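Trainee: Need coordinates for the below:
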Amino acid sequence: MIESRTLPAVVVAIAEQRSLDAVLGAITSSVVSQPDVALARVWLLDGDALCLRASAGRPLDSTADWGRIDGAFRRIPLSSPLKIGRIARSGEPERVDRLGGGAQWVQCPEWARRERLESFAGRPLTFRGEVLGVLGVFRRAGLDDEWWAWLRAFSDAAAIAVANARALEEAESLRRALELERDYLREEVRDAGAFGEILGRSPALTRVLQEVDTVATTDSNVLILGESGTGKELVARAIHQRSRRAAKPLVKVNCGSIPRELFESEFFGHVRGSFTGALRDRVGRFRLANGGTLFLDEVGEIPLDLQAKLLRVLQEGEFERVGDDATQHVDVRVISATNRELSKEVSEGRFRLDLFYRLGVFPIELPPLRARRGDIPDLVGHFVRQCCARMHVPTPRVPVRELERAAAYDWPGNIRELQNVVERAVILARGGAISLPLPEPQAAPLPSGAEDVEPQSEVITDRRWRELERSNILRALRRADFRLWGAGGAADLLGVNAATLASRLKKLGIRARDLKSELTSSNGLSRRR
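Mentor: Model prediction:
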């Protein structure tokens with residue numbers, strides 16, 4: 001006879017378990033510990049079928065293993081006529097007080113006779129109106145009302161324990177995912193470029209931004225080409241932020257900084273013990289970027305033997321972790337960047353042609369800084385303010401001559417070089433005016449024997465002088481977008497007082513407002529044509 005006072009202790013023992021597998025194991029072992037119970041099993045609902053998740057019993061056959069969950073009844077469709085399937089479909093319990101020898105009550109009558117099974121009880125594990133699974137029990141004694149009432153109370157408590165364990169596992173999974181994303185984002189904050197935004201209004205940059213807006217709304221792979229330091233990562237971020245994936249992570253992989261033997265683990269992850277040093281499971285960058293964007297910087301550095309695996313992910317959206325046979329599926333948009341000439345790499349056999357086409361669905365070529373000289377003054381001002389804010393120092397004045405020197409320099413290191421030069425200048429300024437530490441332009445070598453010839457002085461007529469002055473003022477007006485006053489205005493660029501500039505404009509018959517209107521009208525006419 002069952003002892004009803006054992007129920008609270010059993011429920012507490014189940015509730016103390018933290019993982020779902022431990023809870024299910026405690027449920028079956030607790031039922032089997034009751035008098036006359038031969039076998040207890042728990043199936044959980046998984047889609048349109050029930051999956052056997054825990055089993056415990058006391059077989060008369062010493063060679064039988066009733067703890068296995070991979071037998072004939074490991075998966076039962078909801079549409080199955082078996083008792084377990086009916087219980088899950090209806091949400092109602094079933095009891096068979098006496099099995100007898102009929103096949104209608106048990107699937108294997110001979111097995112039931114051999115194990116002296118007398119009764120069956122099956123109850124749905126229901127939590128808040130939702131069927132989570134089914135608890136099935138075979139006994140070697142008849143089934144009475146007292147035992148049935150005990151099993152009902154027990155199954156209700158078991159359902160709560162299962163729901164709580166699932167919630168805890170889901171919370172733990174989310175916590176681990178958030179920790180991974182937090183650690184990654186911390187790394188990105190440290191390593192990300194300091195360009196807070198894309199600055200500039202030059203035609204070359206405007207073309208790039210138009211291409212970014214065009215491709216951002218699609219899911220096409222993008223290949224960003226350009227010299228080192230032109231801001232390829234910044235463009236990748238702009239594409240991601242304008243896409244439908246903006247709410248998901250943008251994950252960066254610098255292919256040039258990964259040791260060859262760790263490429264596969266970095267991309268796809270690994271399981272614990274898959275190689276020396278794999279002390280725990282690792283989530284790869286493709287899994288981190290699931291639903292978002294993966295930025296492959298320096299993609300030309302990927303080893304040839306790994307390119308085939310990368311191509312499979314791009315084509316099929318699936319991969320396996322190192323040391324794992326299970327196939328994982330991801331939905332990732334890939335943006336890649338390189339300063340190499342990939343077509344040349346393909347012709348020389350260092351890069352796969354099919355991968356090149358898969359990555360370069362929409363190529364974007366970034367212009368070097370020397371091709372957008374009109375943006376240099378804005379960039380200098382931005383980096384000066386940024387450096388001063390980071391160093392907590394007053395913003396120094398940037399003389400016009402320094403902006404002119406910057407605009408005349410070719411910047412082989414592009415924006416990255418400009419940023420470093422400005423930061424060094426801010427450190428050296430000590431609150432005074434900025435002086436950019438740029439190499440002085442070298443004079444062209446004199447012809448042989450010219451050193452002994454005295455250079456002739458050229459005399460400029462008054463008319464020519466006024467033409468040069470007018471041309472210089474017009475150039476300053478255009479660069480300042482026809483603003484006379486303030487920082488970056490025409491007067492500031494020319495290094496004169498605003499009133500003095502206004503007087504010269506009047507003397508030369510130049511009206512900045514009329515020039516701006518005329519330029520705007522002509523630009524509009526050109527666009528309409």
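
Trainee: When you work out contacts or count neighbours from here on, use the C-alpha atoms and nothing else.
Mentor: Noted.

Trainee: so what does the longest helix along the chain touch, helix or strand wise?
Mentor: If you go by DSSP state H, the chain has its longest helix at helix 145-191. Applying 3 or more Cα pairs under 8 Å, 6 or more residues apart in numbering; DSSP states H and E, one finds that helix 145-191 contacts helix 6-15, helix 20-32, strand 119-127, strand 130-139.

Trainee: all strands of the stretch 351-500 of the chain, in order?
Mentor: 362-365 (DSSP state E, counting those that start in this stretch).

Trainee: Could you pull out the helices in it for me?
Mentor: 353-359, 376-391, 400-408, 414-429, 462-479, 490-494, 498-508 (DSSP state H, counting those that start in this stretch).

Trainee: what packs against the first one?
Mentor: By that I understand helix 353-359. On a contact count with 3+ Cα pairs under 8 Å, 6+ apart, helix 353-359 meets helix 304-316, strand 333-338, helix 342-347.

Trainee: Next: the shortest one.
Mentor: In terms of contacts (3+ Cα pairs under 8 Å, 6+ apart), helix 490-494 is packed against helix 400-408, helix 462-479, helix 498-508.

Trainee: Out of the ones you listed, which one sits most buried?
Mentor: Greatest average neighbour count among the helices and strands packed on helix 490-494 goes to helix 400-408 (a mean of 17), per mean count of other Cα atoms under 10 Å.

Trainee: now it against helix 414-429, angle please.
Mentor: Angle between the axes of helix 400-408 and helix 414-429 is 150 degrees (criterion: axes from the mean of the first three to the mean of the last three Cα atoms, to 10 degrees).

Trainee: what does helix 400-408 rub up against?
Mentor: Contact with helix 400-408 is made by 373-374, 376-377, 380, 434-436, 438, 492-495, as judged by Cα atoms under 8 Å, 6 or more residues apart in numbering.

Trainee: In ChimeraX, select just the buried ones from those.
Mentor: To isolate the buried members of the contacts of helix 400-408 in ChimeraX, using 16 or more other Cα atoms under 10 Å:
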select :373,374,376,377,380,434,435,436,492,493,494
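
Trainee: ok, so of the contacts of helix 400-408, who is nearest Gly67?
Mentor: Nearest to Gly67 out of these is Val380 (Cα to Cα; 71.9 Å).

Trainee: Nearest spatial neighbour of the closest one, chain-adjacent residues omitted?
Mentor: Distance criterion Cα to Cα, 6 or more residues apart in numbering; nearest residue to Val380, sequence neighbours excluded, is Val422 at 6.8 Å.

Trainee: Show the contacting residues for that neighbour.
Mentor: Contacts for Val422 (Cα under 8 Å, 6+ apart) come out as Val380, Phe383, Val384, Leu436.

Trainee: Check the gap between the residue lying closest to the third one once chain neighbours are set aside and His382 for me.
Mentor: Nearest in space to Val384, with sequence neighbours left out and distances taken as Cα to Cα, 6+ apart, is Val422 at 6.3 Å. Counting by Cα to Cα, to the nearest Å, the gap between Val422 and His382 amounts to 10 Å.

Trainee: what packs against the next helix-or-strand element following the longest helix of the chain?
Mentor: Once helix 145-191 ends, the next helix or strand along the chain (criterion: DSSP states H and E) is helix 203-216. Counting contacts by 3+ Cα pairs under 8 Å, 6+ apart, helix 203-216 is packed against helix 232-241, strand 362-365.
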